[in-house]
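Undergrad: Based on what follows, work out the 3D shape:
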Amino acid sequence: MKINWNYIKGSLLIVVMLFLFGFSNHRNTSKKVQSVDVRFEQGENLFMNYEMVNKLLIQNGSHVKNQAKSLIDLNSLEKQVLAHPMVEDATTFLTIDGQLKTSVKQRTPIGRVNINSKSYYIDRQGERMPLSSNHSARVPIITGVLSSESTDDLYKLLMFIKQDEFLQKQIVGIHKSAENDFLLMTRIGSHKINLGRIENLEVKFKNLKTFYNHTMTNKTIENYKMINLKYNNQVVCTKKERNGA
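TA: All right, here's what the predicted structure looks like:
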């Protein structure tokens, strides 16, 4: 009977490879977490810091550092970080050399709603976001919104302002009137802007910018107390009353 040495060599090679793989895998999983690396994605990372995220990396009542890699439940840790009200997205993974890496993307507020003594942010996803003790965002202050009503229209307006550099600098406040008109408070000029309902925003703000270009050039912007954009493709202005006039 002829012995097939090539078959035997191949079988031995497979056995050796499986042994080495198992040995390497055992050594890798038995290693302990050597360090924790928390990184924040590019953006307005102002509401959380390393220590805050580090405190979330708890498993079985103790911090994950110095625990065996085989015992680390990455899915559970990631969910704990994602559950924090300041986190929009997060990723957690282990490296071969025993580093636990966590990448965090913080939420971005676009407006602050004040209702009586309570306040909250609306973020760029349209979700409510609590205030932070670490930082106060410079976003438009919103009043007149009832706690029970939808903020869909408000979110649409805030996103429009957020995406326009001029409006982002100029609009500092928004008030929703009882008639469901939106009044805008401005940084430059002591006037208010009656935007009306949240419709035809591109046309309304285009007309507003045209008005600003004219009145800021001839320095008459301070003569007005109300700029009304609610009527179709019109800018109706109310001037301030002059003393003694």
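
Undergrad: Show me where this protein has its strands.
TA: Applying DSSP state E to the chain gives strands spanning 35-40, 58-59, 62-63, 87-94, 99-106, 109-115, 118-123, 128-129, 141-143, 171-176, 182-186, 192-196, 224-228, 236-239.

Undergrad: Need the ones you listed in JSON lines (columns: distance to Asp152, mean neighbour count and mean pLDDT).
TA: C-beta here means a position set from N, CA and C on the backbone, and glycine is covered the same way. What follows is the strands of the chain, written out as JSON lines (distance: least, Cβ to Cβ, whole Å; neighbours: other Cβ atoms under 10 Å; pLDDT from 0 to 100):
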{"stretch": "strand 35-40", "distance to Asp152": "30", "mean neighbour count": "15", "mean pLDDT": "92"}
{"stretch": "strand 58-59", "distance to Asp152": "37", "mean neighbour count": "14", "mean pLDDT": "88"}
{"stretch": "strand 62-63", "distance to Asp152": "41", "mean neighbour count": "12", "mean pLDDT": "87"}
{"stretch": "strand 87-94", "distance to Asp152": "19", "mean neighbour count": "18", "mean pLDDT": "94"}
{"stretch": "strand 99-106", "distance to Asp152": "24", "mean neighbour count": "18", "mean pLDDT": "93"}
{"stretch": "strand 109-115", "distance to Asp152": "13", "mean neighbour count": "21", "mean pLDDT": "95"}
{"stretch": "strand 118-123", "distance to Asp152": "10", "mean neighbour count": "18", "mean pLDDT": "94"}
{"stretch": "strand 128-129", "distance to Asp152": "13", "mean neighbour count": "17", "mean pLDDT": "94"}
{"stretch": "strand 141-143", "distance to Asp152": "14", "mean neighbour count": "17", "mean pLDDT": "96"}
{"stretch": "strand 171-176", "distance to Asp152": "12", "mean neighbour count": "19", "mean pLDDT": "96"}
{"stretch": "strand 182-186", "distance to Asp152": "13", "mean neighbour count": "19", "mean pLDDT": "96"}
{"stretch": "strand 192-196", "distance to Asp152": "16", "mean neighbour count": "21", "mean pLDDT": "95"}
{"stretch": "strand 224-228", "distance to Asp152": "24", "mean neighbour count": "17", "mean pLDDT": "93"}
{"stretch": "strand 236-239", "distance to Asp152": "27", "mean neighbour count": "12", "mean pLDDT": "89"}
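
Undergrad: The ones you listed into CSV, with extra columns for distance to Ile72?
TA: Shown next, in CSV, are the strands of the chain (distance: least, Cβ to Cβ, whole Å):
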stretch, distance to Ile72
strand 35-40, 11
strand 58-59, 7
strand 62-63, 11
strand 87-94, 6
strand 99-106, 7
strand 109-115, 33
strand 118-123, 30
strand 128-129, 29
strand 141-143, 43
strand 171-176, 46
strand 182-186, 49
strand 192-196, 52
strand 224-228, 59
strand 236-239, 64
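
Undergrad: Quick one: closest of the ones you listed to Lys69.
TA: Of all those, strand 87-94 sits nearest to Lys69, with 5.8 Å by Cβ to Cβ.

Undergrad: Which neighbours in the sheet does the closest one have, and how are they oriented?
TA: The strands beside strand 87-94 in its sheet (DSSP bridges) come out as strand 99-106 (antiparallel).

Undergrad: correct me, but Leu154 touches Val145?
TA: Yes: counting by Cβ atoms under 8 Å, Val145 is a contact partner of Leu154 at 6.5 Å.

Undergrad: and those two? which has more neighbours close in?
TA: Using other Cβ atoms under 10 Å, the more surrounded residue of Leu154 and Val145 is Leu154, with 23 against 19.

Undergrad: pLDDT weak spots in this structure?
TA: 1-30, 242-245 (pLDDT under 70).
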